[in-house]
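Novice: Sequence first, then the predicted structure, then my questions.
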Amino acid sequence: MPHEVRAVVALKRGAPVEVQTIVVPDPGPGEVLVSVQACGVCHTDLHYREGAIDDEFPFLLGHEAAGTVDAVGADVVDLAPGDYVIIAWRAPCGACRSCLRGRPWYCFDSRNARQSMTLTDGTPLSPALGIGAFAEKTLVAAGQAVKVDPAARPEAAGLIGCGVMAGYGAAVHTGGVGRGDTVAVIGCGGVGNAAIAGASLAGARRVIAVDIDDAKLDGATRFGATHTVNSRGTDPVDAVRGLTGGFGVDVAIDAVGIPATYKQAFYMRDHAGVLVQVGVPDPEAVIDLPLIDLFSRGGALKSSWYGDCLPTRDFPILVDQYLSRRLDLGGFVSETISLEQVEEAFARMHRGEVLRSVVVL
């Protein structure tokens, strides 16, 4: 029988979000119903509200969540009611050309729930990243619900579902940071600090945090930054080179995603170094680089999609690192809020006042 629950909905482009009653169906084949315990407020949700991703309003927002399985579809065998899960927005299909080549983290046919959640008048909702977790309950594909150790607090564990995994994976998976490497991370928000933490855990000997906000730079040291650079009044390329014997870093991670920071990351690499872009750019942004520099500097320019992660492999690893106190997930949680406070949280996030506001249900 369908469930009527409270949820945060964006009804039209740019309008403040509203808490409304929505209808969530019981799970069908390949689906699970999840009672959401906590969900982080991510920039991607604000992009949905602003219509910057697509125009399929109304949107059911929220995607960075942890909770417990309420019910499973008839053919779901690896999950059961009561299981504690983090929800992933990538659920590899196992059958597309990327999965069949052994690269499921690039799956081109990621699974989502087939049934629609709706407003009470029957209007279908578009769930953010196929999740829609600013809600008391949500319906997702079974492959999106990744079982983890229930000892992890939901307000911390849920962050693994998006921002922490994206940043951590950008360093460890996409960038391939290893023991003894030097790393620079531009942008010390949630994703950037997760990249700093990932680089530190991977054994980087020098992790340089770059931002225009001294408070964020101070915070970056909590996650493993060994040096900081305020680029508001300093050329960050010169500063990073000065901290690496004049050579530049092995891996430069752009967690901002604008042309200026991309160029900074490009030039602060050592020869044959790796540039990783994980900050999501504006669709209208363009980059202009001399072709001779692309050729002569060598190395690799990579985009990181969800930290090139495999959720069923990586989420339990990050939870274990959190429980063993090697990964400070709690440090990302700036505040806990209710569903009714999401619009205010968007404003604080836009002003750069928080790493993560987390809705607790």
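Specialist: Thanks, I have it. Predicted model only: the values in this text are computed from it and were never measured. Numbering: from 1, shown residues only.
Novice: Put the alpha carbons of the helix or strand hosting Gly167 into PDB.
Specialist: Using DSSP states H and E, Gly167 sits in helix 163-169. In PDB, the C-alpha atoms belonging to helix 163-169 read as follows (Å, rounded to 0.1, in the frame of the first residue of the first chain):
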ATOM      1  CA  GLY A 163      30.300  14.500  -1.600                       C
ATOM      2  CA  VAL A 164      32.800  12.500   0.500                       C
ATOM      3  CA  MET A 165      32.900   9.600  -2.100                       C
ATOM      4  CA  ALA A 166      33.400  12.100  -4.900                       C
ATOM      5  CA  GLY A 167      36.300  13.900  -3.300                       C
ATOM      6  CA  TYR A 168      38.000  10.800  -1.800                       C
ATOM      7  CA  GLY A 169      37.700   8.900  -5.000                       C
END
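Novice: For it, name the packing helices and strands.
Specialist: Counting contacts by 3 or more CB pairs under 8 Å, 6 or more residues apart in numbering; DSSP states H and E, helix 163-169 packs against helix 190-201, helix 311-323. Placement of C-beta: from N, CA and C, glycine included.
Novice: Format the ones you listed as JSON lines; extra columns: mean pLDDT.
Specialist: JSON lines is the format used below for the helices and strands packed on helix 163-169 (pLDDT from 0 to 100):
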{"stretch": "helix 190-201", "mean pLDDT": "98"}
{"stretch": "helix 311-323", "mean pLDDT": "98"}
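Novice: which residues of the stretch 151-300 of the chain fall in helices?
Specialist: Remark: helices assigned in the stretch 151-300 of the chain by DSSP state H, counting those that start in this stretch are 154-157, 163-169, 190-201, 214-220, 236-242, 259-267, 291-297.
Novice: State the mean pLDDT of the second one.
Specialist: Rounded to a whole number, the mean pLDDT of helix 163-169 is 98.
Novice: Go ahead and measure how far that helix is from the middle of the chain.
Specialist: Helix 163-169 sits 5 Å away from the centroid of its parent chain (CA atoms, centre = their mean, to the nearest Å).
Novice: what does that helix rub up against?
Specialist: For helix 163-169, contacts defined as CB atoms under 8 Å, 6 or more residues apart in numbering pick out 40, 42, 64, 190-198, 201, 255, 278, 304, 306-309, 311, 314-315, 318, 327, 329, 332, 356.
Novice: Check the secondary structure at Thr44 for me.
Specialist: With DSSP: H, G, I helix; E, B strand; the rest coil as the basis, Thr44 sits in helix.
Novice: Just confirm it contacts Leu129, I think it does.
Specialist: Yes: using CB atoms under 8 Å, Thr44 is in contact with Leu129, at 6.7 Å.
Novice: More neighbours: which of those two?
Specialist: Legend: neighbour count by other CB atoms under 10 Å for Thr44 and Leu129, higher for Leu129 (25 against 21).
Novice: In CSV: the helices of the stretch 151-300 of the chain, plus distance to Ile86 and mean neighbour count.
Specialist: Compiled in CSV, the helices of the stretch 151-300 of the chain are given as follows (distance: least, CB to CB, whole Å; neighbours: other CB atoms under 10 Å):
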stretch, distance to Ile86, mean neighbour count
helix 154-157, 6, 24
helix 163-169, 9, 28
helix 190-201, 14, 30
helix 214-220, 24, 18
helix 236-242, 34, 20
helix 259-267, 29, 20
helix 291-297, 38, 10
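Novice: now for the ones you listed, which one comes closest to Pro25?
Specialist: helix 154-157 (23.6 Å; CB to CB).
Novice: Any idea which of the helices and strands packed on helix 163-169 gets closest to Ala260?
Specialist: Within those, the stretch nearest Ala260 is helix 190-201; the backing value is 15.3 Å (CB to CB).
Novice: Give me the buried positions along the helix or strand bottoming out on mean pLDDT in the chain.
Specialist: None of the helices or strands of the chain scores lower by mean pLDDT, DSSP states H and E than helix 43-49, at a mean of 93. For helix 43-49, the neighbour count (16 or more other CB atoms under 10 Å) marks 43-46, 48-49 as buried.
Novice: Tabulate those (CSV), appending distance to Phe247.
Specialist: Converted to CSV, the buried residues of helix 43-49 look like this (distance: CB to CB, whole Å):
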residue, distance to Phe247
His43, 33
Thr44, 35
Asp45, 39
Leu46, 38
Tyr48, 41
Arg49, 43
